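Trainee: Provided below for reference: sequence and predicted model.
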Amino acid sequence: MPAPPKHRQSIIDASVTLFRRNGYAGTGLNDIVEASGAPKGSLYHYFPAGKSSIAVAAVEEAGRRVAATLTELAAQCPTAGDALVAHATLLAGWMKKSGFRDGCPITTVLLELAPDDRAVSEAGRQVYAARIAVMTDKLIADGHLPDRARRLAILAVSALQGALIQSRVERSGTPILVAAEELKAWLDVGHGAPPSS
């Protein structure tokens, strides 16, 4: 039985953190080596295709983390809108804790490499699909028709991604919280009909 990979996960974890903070282009291989504590040879052993293959693994890892958080919140919260607000509250807290230096590692990598890098683009599609699927399932459980639920889930995921960027620029969690609270009104009222003004 082969030995478990000794440094692969630490390389991925370090890359997630560095890409979140510095972006893909702003993160060098030496930065990843230093942050991960892995020997430089490990990067080439586990990621022989180079830095872009580390980016794929980082996008996949960050996506797994987000999907797991959303799945947990969907199970705990009474509605999709409540789950979205709970997720936004976590995101705003993490942003504040980082001094608004952190962004989304998925977004930073995709903005720099997609659509030209097919492997990164496919990883991005998969992680967004997983996130949308969690929200869609919760919205269907709330009583929305499947097509409407999926469209609302896409809207919710897209809005929070944009709010993360705005939060970083404004150095405030308010954009994230406002986006989630307003979306909750759309998600929870009249099975997706916008609330009356």
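Mentor: Okay, I see it. Numbering: from 1, shown residues only.
Trainee: Give the full set of residues in contact with residue 72.
Mentor: Applying CB atoms under 8 Å, 6 or more residues apart in numbering to residue 72 gives no contacts. No exception for glycine: its C-beta is placed from N, CA and C like everyone else's.
Trainee: Run through the protein and note the low-pLDDT ranges.
Mentor: For the chain, residues meeting the criterion pLDDT under 70 lie at 1-4, 189-197.
Trainee: at 80 what do you get?
Mentor: 1-5, 189-197 (pLDDT under 80).
Trainee: in stretch 121-140, what's buried?
Mentor: Across stretch 121-140, burial judged by 16 or more other CB atoms under 10 Å covers 121, 123-124, 127-128, 130-132, 134-140.
Trainee: from what I can see residue 57 touches residue 12, true?
Mentor: Yes: the pair residue 57 / residue 12 is scored as a contact, 4.9 Å apart, by CB atoms under 8 Å.
Trainee: Closest to residue 31 out of the buried residues of stretch 121-140?
Mentor: When the buried residues of stretch 121-140 are ranked by distance to residue 31 (CB to CB), residue 123 comes first, at 20.7 Å.
Trainee: and the closest one, what helix or strand is that in?
Mentor: In the assignment (DSSP states H and E), residue 123 maps to helix 118-141.
Trainee: what helices or strands is the helix or strand following that helix leaning on?
Mentor: Once the chain leaves helix 118-141, the next helix or strand it forms, by DSSP H and E, is helix 146-170. Applying 3 or more CB pairs under 8 Å, 6 or more residues apart in numbering; DSSP states H and E, one finds that helix 146-170 makes contact with helix 80-97, helix 105-113, helix 118-141, helix 174-188.
Trainee: now those as CSV including distance to residue 41?
Mentor: Shown next, in CSV, are these (distance: least, CB to CB, whole Å):
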stretch, distance to residue 41
helix 80-97, 33
helix 105-113, 24
helix 118-141, 22
helix 174-188, 40
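Trainee: quick one, the helix holding residue 123 and helix 174-188 angle?
Mentor: Computed with axes from the mean of the first three to the mean of the last three CA atoms, to 10 degrees, the direction of helix 118-141 lies at 50 degrees from that of helix 174-188.
Trainee: now the angle from helix 118-141 to helix 146-170?
Mentor: In terms of direction (the same axes, to 10 degrees), helix 118-141 departs from helix 146-170 by 120 degrees.
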